[in-house]
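Asks: I'll drop the sequence and a predicted model, then ask my questions.
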Amino acid sequence: MNQQTLVLIKPDGLVKSLTGNILTRLSETKLQIIAAKMVNVNYELAVEHYKQMKDAPFFDELISYLQGTLHDRRKVMAMVYWGEDAIKKVRQLAGATNPEEAEPTSIRGSYGRITSKGVYENVLHASSDITEAEREIKLWFRPEEIIMDIYPVKKITVSTLGQKVWA
Ligand code: IDP
Ligand code: MG
């Protein structure tokens, strides 16, 4: 079944200049990238993205991690991958959440680490199921930023007041 999944190259992946390596590894899946952008992650976005972890003892550090304050690199690269079994294929290549338990040749096994404070720095995020993928893709992307109609859309009229356009 064709499906879509959200992939984030987290700030540690960017700081370590791993973008090319990660994209090359993900290209093994033969999936298509149907959206991609760099994002400055504000506090609200980080908390909404990881809201299911809100009771974790490392939650505050996790939010700093995703926002890039831990690595002094305040951005992430967000992408949507699409194709047959996309969610499972990307998760398999990503490897286990804990980089020490991840298959050594997986992306997290190759590049992740456990910091002294305890949060797993595992270089990328990948949605874990269809429901999570839909929630996350809709959180990170607007419909027109994705080159395929993957979810139903509706047209509304909005005020363009204050919107930035090219000067
Ligand atoms: P996932 O990224 O493999 O889906 P989740 O359980 O959704 O893993 O956790 C989100 C993120 O929180 C992980 O990618 C990792 O950065 C961090 N994390 C999860 N569990 C732990 C833990 O037990 N200790 C430290 N960090 C963790
Ligand atoms: Mg998860």
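Replies: Good, I have the coordinates. Ligands and ions are numbered 1, 2, ... in the order given.
Asks: other SSEs contacting the helix or strand where Leu26 lies?
Replies: In the assignment (DSSP states H and E), Leu26 maps to helix 19-27. Where contact means 3 or more CB pairs under 8 Å, 6 or more residues apart in numbering; DSSP states H and E, helix 19-27 is packed against strand 2-9, helix 86-94, helix 107-111. (Each C-beta comes from the backbone N, C-alpha and C, glycine too.)
Asks: where's the closest residue to Val47 other than its chain neighbours relative to Lys88, distance?
Replies: By the measure of CB to CB, 6 or more residues apart in numbering, the closest residue to Val47 outside its immediate chain neighbours is Ile63, 6.0 Å from it. As judged by CB to CB, to the nearest Å, Ile63 and Lys88 stand 28 Å apart.
Asks: out of those two, which sits in the more crowded spot?
Replies: Each of Ile63 and Lys88 has its neighbours counted (other CB atoms under 10 Å); Ile63 has more, 21 against 15.
Asks: So that one belongs to a strand, correct?
Replies: No. Ile63: not assigned to a strand; according to DSSP: H, G, I helix; E, B strand; the rest coil it is helix.
Asks: And the pLDDT for it?
Replies: On pLDDT, Ile63 comes in at 97.
Asks: With Ser159 instead?
Replies: pLDDT for Ser159: 87.
Asks: Could you count how many residues lie near it?
Replies: For Ser159, using other CB under 10 Å, the count is 6.
Asks: Which positions in this structure make contact with ligand 1?
Replies: Contacts of the chain with ligand 1, taken as CB under 6 Å from any ligand atom, map to 53, 58, 62, 97, 118-120, 122, 125, 128.
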